[in-house]
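Asker: Give me a model of this one.
(2 chains)
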Number of protein chains: 2
Amino acid sequence: MSDSGQKQREEIKRGVLDDITPGNEERREIQIVFEELEERATDALDELGFGCVELVGSTARDTWLSGDRDIDVFLLLPTDLDREEFQEVGLDVGREVLPDSTVAYAEHPYVRGSMEGYDVDLVPCYDLDSTEELKSAVDRTPFHRDYVKERGLDGDQVRLLKAFLQGGGLYGSELKTRGFSGYLCELLVLEYGGFEEVVREAATWGRQTFIDPGEKRGGSGDETVDDRFDSGFVVVDPVDEDRNVAAVVSREKYAEFIDRCRRWLENPGKEFFYEPHRRSMTEEEYLSTLDRRGSRVVSIVFESPDIVEDQLYPQLRSTASSFRNKLEDLGFSVLRTTVMSEDRSVILLEFDVFELSSVERHQGPPVYVGKHSVSFRSKYKELDVVGPYIDDDRYVVEIERAFTTPAEFLEGEAVFDLGLGKHVGEAMRDGYSILVDEACTSLLPEFGGSFTEHFDPELH
Amino acid sequence: MSDSGQKQREEIKRGVLDDITPGNEERREIQIVFEELEERATDALDELGFGCVELVGSTARDTWLSGDRDIDVFLLLPTDLDREEFQEVGLDVGREVLPDSTVAYAEHPYVRGSMEGYDVDLVPCYDLDSTEELKSAVDRTPFHRDYVKERGLDGDQVRLLKAFLQGGGLYGSELKTRGFSGYLCELLVLEYGGFEEVVREAATWGRQTFIDPGEKRGGSGDETVDDRFDSGFVVVDPVDEDRNVAAVVSREKYAEFIDRCRRWLENPGKEFFYEPHRRSMTEEEYLSTLDRRGSRVVSIVFESPDIVEDQLYPQLRSTASSFRNKLEDLGFSVLRTTVMSEDRSVILLEFDVFELSSVERHQGPPVYVGKHSVSFRSKYKELDVVGPYIDDDRYVVEIERAFTTPAEFLEGEAVFDLGLGKHVGEAMRDGYSILVDEACTSLLPEFGGSFTEHFDPELH
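Answerer: Numbering: from 1, shown residues only, chains lettered A, B, ... in the order given. You can find the predicted model right below:
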């Protein structure tokens, strides 16, 4: 890291911070919205005679990126409410605060609406003294905010890290992305002191990284990670030592982050902090790409099941990998898969081996093993096969291959014998279509962006 | 083995023996031819003042199959002749006996001609007292004859075994066949007592079989075979303990023999003793076979080099296996290969995977290995490739595949970098053609029989 590189990086970051740090006007605006929300919620809770209101999330910690329009407000409710009352109160108060809202579902239902152009989540949680008595999945959130605020986090450093992750598609803990959450960014900045320190540290990370901010121990390398956690990348939640804040980060996103940090240190640039513009692929581009790659593309298309993305994407991925494994067992070879979802969902499989002969070799026992050889010969003698003949010292028959193209398999009932995601399986039972090569152009109006991503997976 | 099976087999063999045992007329005829040959050769040797004549081979041992038209006559020459004189005398005498003969080459040259419709080989060898002083490769032959004659071999039992092997394409020690020699058949019958005993024994043979007729020890099973011999099937020559009479038998022919013996015992039939009639494949049959199998066929065709079959076939096979290995490394998949030779030679490769995408995955190092990852990224960043991107935790690029069909590879200069047989390589350098699928029909007039064999490899 030369001094000139250091200087160059500082300059770039200054420019980026100008773009991503919320200005006074934005702060004032958000403050007004929050005060209005707080007043309404307090009024509603006052009528009930219990509970209080707290602003949480990045707006509360001053770590949000300028332009973000998300406000998270928590309703802290007394622990003597049972689960049913708790949910009922949460929704009632929520609806009173935001009359035009809808109900959304995470571990428990909450109210989602908007005010003055901001997306507002009104989430009930239990008002606890410590995290040892967690009753709902979101009860930790106020403690996270307290932990971070007490330690005087530098919001700009977190903003740089978030933008840096966003530029590489690594930001966000939803299961579609499987990237870094905002809280994880905050903990990393607290742990190492700033954006640059995080990046330098991460550039040296090995296969396994273990960070325990509460204990001030941990490290990175190939040593065995604490066996509480089934993951190579562990950041222990300082407010709950059984929780890995990085649990959702996939191996791939973890590796991409390390690579991204290295590339920034080698060759810094402003573009690291901005998402690349991904155009929707045109029909012409798609056809010429297919021609250039000489590969074959099969899309399985069906109506998206009515579940949240956090449920849908894992199912789409596991379905895609069931298809891939089965098709490779059958002798085909998959180059890459991509899953996409809008109103319809698509599992795209790209093949380097797509066509197989109608016959396939089936190897029998060695000739010497008398018992097996008799049963093998008698089994195949009557069937319409080539053989049995002897190759080297084994019996071989050539039997008719069940499927000579992946489409033949995917069109058949046998797909439902595979481990498909529950809702994806149900959606496919309601009907699905198989589009091959040119026919996939009909998907471009809806999925052109994902097609671009599939065919141009380069690191940005 | 039920009594009725036994009875049935005996009946079949009686019928077969009627066909394959030479009758009195045939014996007389052959006796006359031999006497004429002996007289001419003795006259020629008398002029030189040394040497004598011996009838060897199956005619000498009364183990030939009726209709065989081969007579082997050995000229036993004194051991004080040096190699040059020995060869000269052999050819001179040979030419005097058979003026219209040609010179053939094994370890040393000899004369091949015909008389009264018989194919006659006139082979010089040294006249030795024992096999401890062998000077040429054929010097053992008179000792083989003596060994067999002294033990009162039953010619009919050998004839049955030979016909039984012939019916399965397992008879003949030339390198095109890699099967059982006549002498091997004789030793097996001597060892076990008769055709039926050989067959019952062989039906139980394991991966390794060791028979030592001289020592009266040996056995069969998976125990380690005597380490003098690099083969799983060893029959020690009783006249030369360092020689494995079964050395030329391939693993495949050995296994096919075991299988054939079992099938004969399970379900005997006259057809075991007669070669199946293999028609030449017609154009129509070939095209419909190709269509049914859905496979792709590539034939590499060139002028046969001017060498004997015992040299040519091993080279053709090793060339075919070089092609196969290389093409499978490149991502194609070979179902089966067959080599053929007439005036032209053909290496036929049949594929179940013939077409590949123009791009292929090339996997780089894991992201964590800093040094390798920098060099991998810098190597591929400038090239016209897709990527580098990260899959799981490794860098991957998609590079242009060198060959998307086997024909593309086979047409290029790179074939000559493979281990081709010496003379086959030279012949290919003089020119070769690549015929794909339908184009192979042009080979049927010359190679139709071999095509039938390739596409119908069943055990008969």
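Asker: Tell me, how many residues neighbour residue A:440?
Answerer: 21 (other C-beta atoms under 10 Å in any protein chain shown). C-beta coordinates here come from the backbone N, C-alpha and C atoms, glycine included.
Asker: Is it in contact with residue A:287, as I believe?
Answerer: No: applying C-beta atoms under 8 Å, one finds residue A:440 not in contact with residue A:287, separated by 9.7 Å.
Asker: near chain B, which residues of the stretch 101-250 of chain A?
Answerer: A:203-207 (C-beta under 8 Å from any C-beta of the partner chain).
Asker: Show me which of the residues you listed are buried.
Answerer: Buried members of those, scored by 16 or more other C-beta atoms under 10 Å in any protein chain shown, are A:203, A:205-207.
Asker: so residue A:365 sits in a helix?
Answerer: No: read with DSSP: H, G, I helix; E, B strand; the rest coil, residue A:365 is strand and lies in no helix.
Asker: For chain B, see how far away it is.
Answerer: 11 Å (C-beta to the nearest C-beta, to the nearest Å).
Asker: count of residues packed around the residue of the stretch 301-450 of chain A found nearest chain B?
Answerer: Nearest residue of the stretch 301-450 of chain A to chain B: residue A:358, at 3.1 Å (C-beta to the nearest C-beta). For residue A:358, the count of nearby residues is 15 (other C-beta under 10 Å).
Asker: And for residue A:309, the neighbour number?
Answerer: Residue A:309 has 14 nearby residues by other C-beta under 10 Å.
Asker: my guess is it meets residue A:178, correct?
Answerer: No: with contact defined as C-beta under 8 Å, residue A:309 does not count as touching residue A:178 (11.6 Å).
Asker: so where's the stretch 351-460 of chain A shaky on pLDDT?
Answerer: A:460 (pLDDT under 70).
Asker: Which positions in it make contact with chain B?
Answerer: Going by C-beta under 8 Å from any C-beta, the residues of the stretch 351-460 of chain A near chain B are A:351-361, A:366-368, A:370, A:373-374, A:377, A:386-395, A:398, A:401, A:404, A:455-459.
Asker: Same question for stretch A:369-384: list its buried residues.
Answerer: A:373, A:376-377, A:380.
Asker: First-to-last residue distance for stretch A:333-349?
Answerer: From its first residue to its last, stretch A:333-349 covers 10 Å (C-alpha to C-alpha, to the nearest Å).
Asker: Scan chain A for its longest helix.
Answerer: Ranked by residue count and defined by DSSP state H, the top helix of chain A is helix A:24-48.
Asker: Could you list every helix and strand in contact with the next helix or strand after that one?
Answerer: Remark: after helix A:24-48, the chain's next helix or strand is strand A:52-56, criterion DSSP states H and E. Applying 3 or more C-beta pairs under 8 Å, 6 or more residues apart in numbering or on different chains; DSSP states H and E, one finds that strand A:52-56 contacts helix A:24-48, strand A:70-77, helix A:141-150.
Asker: For these, give me a markdown table that also has mean neighbour count and mean pLDDT.
Answerer: Output for the helices and strands packed on strand A:52-56, formatted as a markdown table (neighbours: other C-beta atoms under 10 Å in any protein chain shown; pLDDT from 0 to 100):
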| stretch | mean neighbour count | mean pLDDT |
| --- | --- | --- |
| helix A:24-48 | 15 | 91 |
| strand A:70-77 | 22 | 91 |
| helix A:141-150 | 18 | 88 |
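Asker: would you turn the ones you listed into TSV with distance to residue A:420?
Answerer: Converted to TSV, the helices and strands packed on strand A:52-56 look like this (distance: least, C-beta to C-beta, whole Å):
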stretch	distance to residue A:420
helix A:24-48	42
strand A:70-77	33
helix A:141-150	34
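Asker: which ones among the residues of the stretch 351-460 of chain A next to chain B are found in helices?
Answerer: A:370, A:373-374, A:377, A:455.
Asker: give the contact list for the residue of chain A positioned farthest from its centre.
Answerer: Taking C-alpha atoms, centre = their mean, the residue of chain A most remote from its mean C-alpha position is residue A:370, at 54.5 Å. Applying C-beta atoms under 8 Å, 6 or more residues apart in numbering or on different chains to residue A:370 gives the contacts B:203-204, B:262.
Asker: Residue A:160 belongs to a helix, doesn't it?
Answerer: Yes: assessed with three-state DSSP, residue A:160 lies in a helix.
Asker: How many residues are close by it?
Answerer: Residue A:160: 27 surrounding residues under other C-beta under 10 Å.
Asker: for residue A:293, same thing?
Answerer: 20.
Asker: hang on, isn't residue A:290 packed against residue A:297?
Answerer: Yes: Residue A:290 is in contact with residue A:297 according to C-beta under 8 Å; the separation is 6.5 Å.
Asker: which of those two has more neighbours?
Answerer: Counted by other C-beta under 10 Å, residue A:290 and residue A:297 do not tie: residue A:297 has more neighbours, with 23 against 19.
Asker: For residue A:290 and residue A:297, list the residues in contact with both.
Answerer: Among the neighbours of residue A:290, those also in contact with residue A:297 (C-beta under 8 Å, 6+ apart) are residue A:437.
Asker: Can you list the buried residues in stretch A:43-63?
Answerer: Buried, per 16+ other C-beta under 10 Å, within stretch A:43-63: A:44-45, A:51, A:53-63.
Asker: Repeat that for stretch A:127-135.
Answerer: A:127-128, A:131, A:134.
Asker: got it, and stretch A:302-321?
Answerer: Here stretch A:302-321 shows A:302, A:304-305, A:307, A:311-321 as buried, counting by 16+ other C-beta under 10 Å.
Asker: contacting residues around the closest residue to residue A:160 other than its chain neighbours?
Answerer: Sequence neighbours aside, residue A:195 is the residue nearest to residue A:160 in space, at 4.0 Å (criterion: C-beta to C-beta, 6 or more residues apart in numbering or on different chains). Contact analysis of residue A:195 by C-beta under 8 Å, 6+ apart lists A:13, A:157-158, A:160-161, A:164, A:189.
Asker: Between the residues you listed, which sits nearest chain B?
Answerer: residue A:164 (16.4 Å).
Asker: helix/strand/coil for that closest one?
Answerer: helix.
Asker: Kindly provide the distance from it to residue A:12.
Answerer: 11 Å (C-beta to C-beta, to the nearest Å).
Asker: likewise residue A:210?
Answerer: 31 Å.
Asker: out of the two, which sits in the busier spot?
Answerer: It is residue A:210, of residue A:210 and residue A:12, that has more neighbours when counted by other C-beta under 10 Å, with 22 against 18.
Asker: tilt between the longest helix of chain A and strand A:70-77?
Answerer: Using axes from the mean of the first three to the mean of the last three C-alpha atoms, to 10 degrees, one finds that helix A:24-48 and strand A:70-77 are set 20 degrees apart in direction.
Asker: same for helix A:24-48, what does it pack against?
Answerer: Using 3+ C-beta pairs under 8 Å, 6+ apart, helix A:24-48 is in contact with strand A:52-56, strand A:70-77, helix A:83-97, strand A:109-115, strand A:118-126.
Asker: Could I get these in TSV, plus columns for distance to residue A:27?
Answerer: Converted to TSV, the helices and strands packed on helix A:24-48 look like this (distance: least, C-beta to C-beta, whole Å):
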stretch	distance to residue A:27
strand A:52-56	13
strand A:70-77	13
helix A:83-97	22
strand A:109-115	16
strand A:118-126	13
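Asker: And these, which one averages the lowest pLDDT?
Answerer: In terms of average pLDDT, strand A:52-56 trails the rest of the helices and strands packed on helix A:24-48, at a mean of 87.
Asker: That strand pairs with which strands?
Answerer: Partner strands for strand A:52-56, per DSSP bridges, with pairing direction: strand A:70-77 (antiparallel).
Asker: residues making contact with the partner strand?
Answerer: Under C-beta under 8 Å, 6+ apart, the answer for strand A:70-77 is A:30, A:33-34, A:37-38, A:41, A:45, A:50-60, A:64, A:86, A:89-90, A:93-94, A:115, A:118-127, A:138, A:141-142.
Asker: Surely residue A:41 touches residue A:97?
Answerer: Yes: with contact defined as C-beta under 8 Å, residue A:41 and residue A:97 form a contacting pair (5.0 Å).
Asker: Many thanks, we can stop here.
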